[in-house]
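Engineer: Below: sequence and its predicted model.
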Amino acid sequence: MASIESDNELAAYIISLQKRELLVPGTTVAEIIPYEPLQRVQDTPDWFLGVLGWRGVQVPVVSFEMLSVTRASFSLASVSSASLVVLRALGGTDELAWFALVAQTPPRAVQVGSEQLFEREDPAEETELMKVTFQEEPVSIPDLDFIEERIREVSYA
């Protein structure tokens, strides 16, 4: 495996999903909050779980796994341990400044150095930039731009 080149450590979070873990830069994480019921929106794709009222803003909530896999289902192992991870939209606009992913457990804060990341050989899905190994764990680096593009295609306001 080839390590990924970079000189600095990066603050990041590992987000546990149903069947995988995501590694996201800490700079994109606005807040991690306990799971709360979402406002459902009619006529939206299955991966679009609803809208969260957060700090006076309507934040779309996405199931990463349902967006990634054609025939996935969404469930929480335990609502009491689940979290909503509010992320800054990289292409932030007034219409989409934030979105959230559902985590099965509270995300873990980690420091990531280039010598700790190794690209895996299995191909990345369209929702991923790449699959890597971090601290001997397989994790995915999500394509946040792709997720944002998909959210923009949904009428939820």
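Structural biologist: Here it is on my side, so go on.
Engineer: Skip the chain neighbours and tell me the closest residue to residue 122.
Structural biologist: In this structure, residue 122 finds its nearest non-sequential neighbour in residue 131, 5.6 Å apart by Cβ to Cβ, 6 or more residues apart in numbering. Glycine gets a C-beta too; all of them are placed from N, C-alpha and C.
Engineer: The one you found and residue 137 touch, don't they?
Structural biologist: No: Residue 131 lies out of contact with residue 137 (Cβ atoms under 8 Å); the separation is 11.3 Å.
Engineer: These two: which is more packed in?
Structural biologist: residue 131 (18 against 10; other Cβ atoms under 10 Å).
Engineer: Could you list the buried residues of the helix or strand containing that one?
Structural biologist: Assigned by DSSP states H and E, residue 131 belongs to strand 128-134. Within strand 128-134, the residues that count as buried by 16 or more other Cβ atoms under 10 Å are 128, 130-132, 134.
Engineer: For residue 16, give me its contacts.
Structural biologist: With contacts defined as Cβ atoms under 8 Å, 6 or more residues apart in numbering, residue 16 is in contact with 103-105, 107.
Engineer: Residue 140 now?
Structural biologist: Neighbour list for residue 140: 20-23, 124-125, 128, 130-132 [criterion: Cβ under 8 Å, 6+ apart].
Engineer: and residue 43, what does it touch?
Structural biologist: Residues in contact with residue 43 (Cβ under 8 Å, 6+ apart) are residue 155.
Engineer: what's the spacing between it and residue 19?
Structural biologist: 27 Å (Cβ to Cβ, to the nearest Å).
Engineer: Ok, residue 94 next?
Structural biologist: Taking Cβ to Cβ as the measure, residue 94 and residue 19 are separated by 35 Å.
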